[in-house]
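Asks: My questions are about this predicted structure, shown below with the sequence.
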Amino acid sequence: MTRLLATIGALFGLGAVILGAFGAHALEGRVTPERAEVWTTAAHYLGWQGTALLALAALTWSANTPAAALRLLGIAGWLLVIGTLIFSGSLFVLVLSGIGVFGAITPIGGLLLVAGWGVAAAAALQLTPGN
């Protein structure tokens, strides 16, 4: 599972760079400045969550990480994955399609991101010095 979360994190980072560049160049003049800003937000969140997934995966590779923390790190990771797909994904689709209903599901992804970060904080409290 750790390897999968790390791989997804790296792919999120890759996607953030590619989609950020796409938004800055291919969408220029094709969408409103407001929609371009939404695209940028989606790309930024994609990159930040990818970085967080790599950090969570790195914490699980320590031989000293307690079992309770490992469990919480896995839960946090999957909350971040699903939250990112819903949050950033809905924003990317909103910008490309112009269909406003996609903006209505974005907060669900945001809530999952909040939950993921909260569980990551709980996992951090389980770590002992040296992890």
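Replies: The structure has been received and is ready for your questions.
Asks: Show the average pLDDT along the helix or strand containing residue 45.
Replies: Secondary structure assignment for residue 45, by DSSP states H and E: helix 33-60. For helix 33-60, the mean per-residue pLDDT is 96.
Asks: quick one, helices of the protein?
Replies: Counting by DSSP state H, the chain forms helices over residues 2-25, 33-60, 67-97, 101-126, given from the N-terminal end onward.
Asks: Dump those helices to CSV, plus mean neighbour count.
Replies: Quick note: C-beta positions are derived from backbone N, CA and C, even for glycine. Below are those laid out as CSV (neighbours: other C-beta atoms under 10 Å):
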stretch, mean neighbour count
helix 2-25, 16
helix 33-60, 19
helix 67-97, 20
helix 101-126, 16
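Asks: Would you quantify the distance from the most centrally placed residue in the chain to residue 7?
Replies: The chain has residue 49 as the residue nearest its centroid, 3.0 Å off, counting by C-alpha atoms, centre = their mean. According to C-beta to C-beta, to the nearest Å, residue 49 stands 14 Å off from residue 7.
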